[in-house]
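Q: Build the 3D model from these lines:
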Amino acid sequence: MLEFRNAGLDYGARRVLHGVDLEVAPGERWGLLGSSGAGKSSLLRMAAGITAPTSGHCVSRCRHPVLLFQEPRLLPWRRVRENIEIPLRAAGLSRDEARERCDRWLGKVDLSASAQAWPGELSGGMAQRAALARCFALEPDLLLLDEPFSALDPALRASLSELCSVYVRETGAALICSSHHPHELLRMVDRCLLIENGRLHRYDIDPDSPANARGHIAEQLHSRLLEQEPVRP
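A: The predicted model follows:
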């Protein structure tokens with residue numbers, strides 16, 4: 001579905017990622033951790049086909065990859081319904097098909113009552129739910145999440161994370177999600193990547209492992225993240 005082959009990415013003289021070898025298969029759920037500026041967003045943008053590697057290769061056989069950013073990025077001059085239906089119409093769906101799919105996903109994220117609202121009338125959590133509904137409505141086979149829930153409260157983060165996991169289980173789509181919260185991330189993924197000095201370190205999580213085993217891995221990852229943070233005077 002998605003394969004990185006010794007992929008690297010430079011921004012000018014700065015090497016952000018190098019030697020990236022990774023294969024993502026349908027139905028797999030990958031977590032992505034790293035300090036700010038480590039290259040998480042860059043990796044997701046390469047996976048989405050937005051950014052090309054400066055060395056090596058990124059080969060995608062995905063039909064509909066979708067990238068959800070930390071900011072909802074809703075069109076402020078369009079109502080919530082239109083924000084979801086416009087991409088569907090652009091993808092070739094009829095007006096009736098787009099409306100049916102929009103209604104279905106607004107219901108799943110509990111925003112049916114806000115279909116005619118303007119984005120500026122939504123809370124931060126509601127706006128991100130609308131953005132998530134827009135992603136799901138496109139029926140992606142690769143769901144890329146760039147810390148989309150980091151600004152939300154823990155209960156809402158857990159709810160939306162579970163919705164993403166359910167989507168993957170029901171559709172067979174693949175998922176790559178970046179986060180600053182190892183404990184929460186490991187509850188929704190079965191493989192995790194830590195970016196350190198531009199390289200990927202892989203952690204596999206047994207889906208049948210008890211919660212305390214996942215918690216131990218999460219603590220290890222949390223400690224590694226703290227080691228990456230710069231020391232402030």
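Q: For residue 16, give me the backbone phi and psi.
A: phi -90, psi -50 (degrees, to the nearest 10).
Q: make that residue 145, sorry
A: phi -120, psi 120.
Q: Give me the distance between the closest residue to it other than its chain neighbours and residue 169.
A: Spatially, and ignoring its direct neighbours in sequence, residue 145 is nearest to residue 177 (4.0 Å; CB to CB, 6 or more residues apart in numbering). C-beta here means a position set from N, CA and C on the backbone, and glycine is covered the same way. The gap separating residue 177 from residue 169 is 15 Å, by CB to CB, to the nearest Å.
Q: so which strand or helix has residue 167?
A: Secondary structure assignment for residue 167, by DSSP states H and E: helix 154-171.
Q: so where do the strands sit in this structure?
A: 2-11, 14-24, 29-33, 55-60, 65-68, 142-146, 174-178, 191-196, 199-204 (DSSP state E).
Q: Against residue 67, how distant is the nearest residue to residue 95 once chain neighbours are set aside?
A: Leaving aside its sequence neighbours, residue 95 sits nearest to residue 89 (CB to CB, 6+ apart; 7.1 Å). Here the criterion is CB to CB. By it, residue 89 lies 20 Å from residue 67.
Q: Contact partners for the residue nearest the centre of the chain?
A: What sits nearest the mean C-alpha location of the chain, by CA atoms, centre = their mean, is residue 145, with 1.0 Å. Residue 145 sits next to 44, 67-68, 164, 175-178 when contact means CB atoms under 8 Å, 6 or more residues apart in numbering.
Q: what sits opposite it in the beta ladder?
A: Beta bridges link residue 145 to residue 68, residue 177 when assigned by DSSP bridges.
Q: Residue ranges in the protein under the pLDDT threshold?
A: For the chain, the stretches flagged by pLDDT under 70 are 206-233.
Q: Show me the chain divided up by domain.
A: 1-64+141-228, 73-139 (automatic domain parsing).
Q: out of everything not next to it in sequence, what's closest to residue 176?
A: residue 30 (4.5 Å).
Q: My read is that residue 62 contacts residue 141, right?
A: Yes - taking CB atoms under 8 Å as the definition, residue 62 is a contact partner of residue 141 at 5.3 Å.
Q: what sits in contact with each of those two?
A: Joint contacts of residue 62 and residue 141 (CB under 8 Å, 6+ apart) are 1, 174.
Q: Quick one: end-to-end length of stretch 27-42, please.
A: This stretch, stretch 27-42, spans 22 Å end to end (CA to CA, to the nearest Å).
Q: err, stretch 90-100, not the other one
A: Stretch 90-100: ends 15 Å apart by CA to CA.
Q: same deal with stretch 136-148?
A: 14 Å.
Q: Thanks a lot, catch you later.
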